[in-house]
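[1] how would this look folded up:
(2 chains)
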Amino acid sequence: MGPRGSREGRGTLLDVIIGGALAGALYSLVAVGLNIQYGITRILNLAYGEILIIGAYITFIFFNFYGINPLLTLILSGLITFILGILLQVAVFRKLVHSSSSAVELEFRSLFACFGLIYIIQNLLAYIFGTTPIGVPYLMEGISILGERFKTNMVVTAVLSVLINAVMYVFIRFTKFGLAMRATAEEPLGAQLIGIDVLKVHLVSFSMGCFAAALSGSMVCLIYSNLTPYSGTFYTIIALIILILGGKGNFLGSVAGAFIIGCSYYAMLRFKAALADPVIYIILIVVLIIRPRGLFGRQ
Amino acid sequence: MLNFLNRKAVTKMMIMIIVAVIIIASIAGSLYYFLYYLPAKQLAPKDKIVIGIAQSLSGPLAVQVMMWHQCYKWIIDDYNAKGGLYVPEYGKKLPITYVEYDDESDINKMLTLTERLITIDKVDLIFAPASTGFCYAAFSLYEKYHYPVIALTYGSQAGAEKMRRGELKYCFQTLASPDEVGEAVLGLLNYIKDKYGPLGNIGIIHHTDQHGIEHAAAIYGQLSLAGFNIAVYESYPFMTTEFKPLISKLKEANVEALILCGYEGPYFLRDAMAENYNPKFLLLGPSGVETPGMAFGALGFTLEQLKGVMLYIGPSVSYTENDFLRQWAEEHKERCRPVFHNDYGYPFPPSATFYAALQCLFEAVQKVGLNREKIAEALRTGSFDTILGKMHLRAGYSPQSEIGGGIIEQWQNRYIMDVIWPSKAASADVIYPKPPWPSS
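    Okay, the predicted model is just below:
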């Protein structure tokens, strides 16, 4: 390979690494919320993508009707869905926790409740806002990173995702409440016996998941202008894949899984775009076969 | 001479034959009288014409329905405003109503609901569901129950070939088939080559869905046979949102004329702008960018950004052909205000063709009545007065009308796309090369 070839090769490698990292950063925020919800509360929230889309609609409304800067709407989006998370947890999932005799039964029942939520949220959004695709195209111009150009909104959302993830990680890892969350995730009965208010932990964990979902939805809304009430399923699938890949209840596993998915997908788009989707599922199947608990999950 | 009257000549056998002939003739006559003549004479009282619609009012396809199927309600309203549809066998105009079901974007549900419309609701006519795939699936039901249907949003080679071979007698398409698009792209590129000199490398990228695969193959076939240099021919995942990696590849291959066959145009455009990748010739598939209410609304593009971008979707109209169409476009804008919530609700290129094709169905009823076999025959062979002048539906091809017939359009200086090819239908000459992106 001559000097031109090696320069091109270096450029391609940089493109894949940076582009993959940017995509992975946003995916990590998408996935972390679901992982917190499932890991701690054992509720596999299949309506996660719909909560994400609610976040996107909140940003759309505040930007379009009140002219609020899209980045500032993230705060509103997070707060509103955090409260929504509290309501959902108290009104629906807490009852399921109480009436379930085992974790398996809770998972099973919550799955059905989530199916219902998917339809309720989708149709409510469609009823209120119609099915016209929404988006808040923002910071669309290109920006150069190490000689490679990327959309500014991709870079901004990636940086914000990393920051939000870092704050959530610090909260879970280094605060007393975070310790209670981890204890509840590992041994719910033991946590209850040593005086942890498991119901409160469940409430905060579920709402934190909704908070992360809504923030990622608001950010997705800045990048893509084709979101409809029915776009949530795609993000639920992405979050589930990353959850399985990173390991249930493993925060850092989710982040790492998201970067693996982001980089693999981006690299395949670069080299053989038609194989980009299959590669994600090949990785998933391989992990399920050789390490069923996920790359970073504990036994 | 009068031998036949000879008593001996009338044998028993002859009598039996005569009696048998009389009995058979009586039975046949009675059957005809009761089955065909009597019902025709004694028509069941009818006070309205019922149209059956099974369409995706919710679910992922609802977006397409919203953009493409508004004219279903409009044409019913418009005919009702004039007193309804004239039905010859009743000798009067009957008001039009409709029964509508939501298939929730589920193809199996759509088929079940369509069969319900036919067998339980016993509707007089049917309007087609959304999308190529749904229409193609429903074609077998229309054929089975002999319902003539105009599939507005159907654009695929597979069904078009069947229509051409006469295997689908009751199904009619409105959009141009991939082979018609391929011919148009070749014609336009030849024109550009003759006028502006040789084109550089050509790239064709497509999504891995029927639309992308068929259109890309048809265009590739035409261009490669004509000797154009296709440097990149590659597929990408359906509805991908990330085009930067592909754009890097196109840049490396020095692609100056790019054809994207898929619905992902807006994502491509955003990444191309950010990457400052500005091919001289940029042709996209239908993706919402051709719909002004979407392009300048939710998608957030400006006219300056889209200037020079081309789309293949036809048969299209530029709405400058006459005062009526200019007025129709303005009316469309007002009718679309509740849908798009902005001032850009102008029609997209084939909107008027969709409306006119449905007019053909209604005009066929006014001509031959509600007998569906006769309606299908009339649609196959006749031509009808529509908002685009005389229109003729062609089996397996896009309809022919006095006005319109464009296949390739370009964003130029109006909030409606200009038709640029074929030249006989064009409202403007092609802008070539495409202007640079505004920010660069």
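[2] tell me the secondary structure for the closest residue to B:Ser316 other than its chain neighbours?
    Taking Cβ to Cβ, 6 or more residues apart in numbering or on different chains, and ignoring the residues beside it in sequence, B:Ser316 has B:Pro349 as its nearest neighbour in space, at 3.2 Å. C-beta coordinates here come from the backbone N, C-alpha and C atoms, glycine included. In terms of secondary structure, B:Pro349 is coil; the call rests on DSSP: H, G, I helix; E, B strand; the rest coil.
[3] Relative to B:Lys169, how far out is B:Pro349?
    When Cβ to Cβ, to the nearest Å is applied, the distance between B:Pro349 and B:Lys169 equals 29 Å.
[4] The two - which one has more neighbours?
    Here B:Pro349 and B:Lys169 are set side by side on neighbour count (other Cβ atoms under 10 Å in any protein chain shown), and the busier one is B:Pro349, at 27 against 18.
[5] dump the residue contacts of that one.
    When the contact criterion is Cβ atoms under 8 Å, 6 or more residues apart in numbering or on different chains, the partners of B:Pro349 are B:290, B:311, B:313-314, B:316-318, B:406, B:409, B:417, B:419.
[6] I'd like a version of the residues you listed in TSV, one that adds secondary structure as further columns.
    Written out in TSV, the entries for the contacts of B:Pro349 read as follows (three-state DSSP):
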residue	secondary structure
B:Glu290	coil
B:Leu311	strand
B:Ile313	strand
B:Gly314	strand
B:Ser316	strand
B:Val317	coil
B:Ser318	coil
B:Gly406	strand
B:Glu409	strand
B:Met417	coil
B:Val419	strand
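[7] so what pLDDT did the residue nearest to B:Ser316 get?
    For B:Pro349, the model assigns a pLDDT of 93.
[8] How is residue 89 assigned, secondary-structure-wise?
    Let's take chain A. With three-state DSSP as the basis, A:Gln89 sits in helix.
[9] Let me rephrase: I mean chain B.
    State at B:Glu89, reduced to three classes by three-state DSSP: coil.
[10] Number of residues surrounding B:Glu330?
    Here the number of neighbours of B:Glu330 (other Cβ under 10 Å) works out to 14.
[11] Find the helix or strand that it is a member of.
    Secondary structure from DSSP states H and E places B:Glu330 in helix B:323-340.
[12] Mind listing what's buried along that helix?
    Residues of helix B:323-340 classed as buried under the neighbour-count rule (16 or more other Cβ atoms under 10 Å in any protein chain shown) are B:325, B:328-329, B:332-333, B:335-336, B:339-340.
[13] Likewise for stretch B:216-227?
    In stretch B:216-227, the ones that count as buried by 16+ other Cβ under 10 Å are B:216-220, B:222-223.
[14] next one: stretch A:193-209
    In terms of neighbour count (16+ other Cβ under 10 Å), stretch A:193-209 has its buried residues at A:196, A:198, A:201-209.
[15] Tell me how many other residues surround residue 238.
    All of this is about chain A. Based on other Cβ under 10 Å, the number of other residues close to A:Ile238 is 24.
[16] Chain B is the one I meant
    By other Cβ under 10 Å, 15 other residues sit near B:Phe238.
[17] From the chain's centroid, how far away is the helix or strand harbouring A:Gly85?
    For A:Gly85, the element it lies in under DSSP H and E is helix A:70-88. Relative to its parent chain, helix A:70-88 has a centroid offset of 15 Å by Cα atoms, centre = their mean, to the nearest Å.
[18] what's the helix or strand following that helix packed up against?
    Proceeding N to C from helix A:70-88, the next assigned helix or strand is helix A:94-99, under DSSP H and E. Taking 3 or more Cβ pairs under 8 Å, 6 or more residues apart in numbering or on different chains; DSSP states H and E as contact, the helices and strands that helix A:94-99 lies on are helix A:103-129, helix A:198-223.
[19] Lowest average pLDDT across the ones you listed?
    For the helices and strands packed on helix A:94-99, mean pLDDT drops lowest on helix A:103-129, to a mean of 90.
[20] what's the angle between that helix and helix A:70-88?
    Inter-element angle recorded for helix A:103-129 and helix A:70-88: 130 degrees (by axes from the mean of the first three to the mean of the last three Cα atoms, to 10 degrees).
[21] Okay, buried residues for helix A:103-129 please.
    Of the residues in helix A:103-129, those scored as buried under the neighbour-count criterion (16+ other Cβ under 10 Å) are A:106, A:109-110, A:113-114, A:117-118, A:121-122, A:125-126.
[22] just stretch A:14-34 next, same as before
    By 16+ other Cβ under 10 Å, the buried positions in stretch A:14-34 come out as A:15-16, A:18-34.
[23] for the chain, longest helix please?
    Chain wasn't specified; assuming chain A. With secondary structure taken from DSSP state H, chain A has its longest helix at helix A:3-41.
[24] Sorry, I should have been clearer: chain B.
    Secondary structure of chain B read by DSSP H shows that its longest helix is helix B:12-32.
[25] Summarise which helices and strands it is packed against.
    The criterion is 3+ Cβ pairs under 8 Å, 6+ apart, and there are no helices or strands that helix B:12-32 contacts.
[26] roughly how far apart are A:Asn226 and chain B?
    According to Cβ to the nearest Cβ, to the nearest Å, A:Asn226 stands 7 Å off from chain B.
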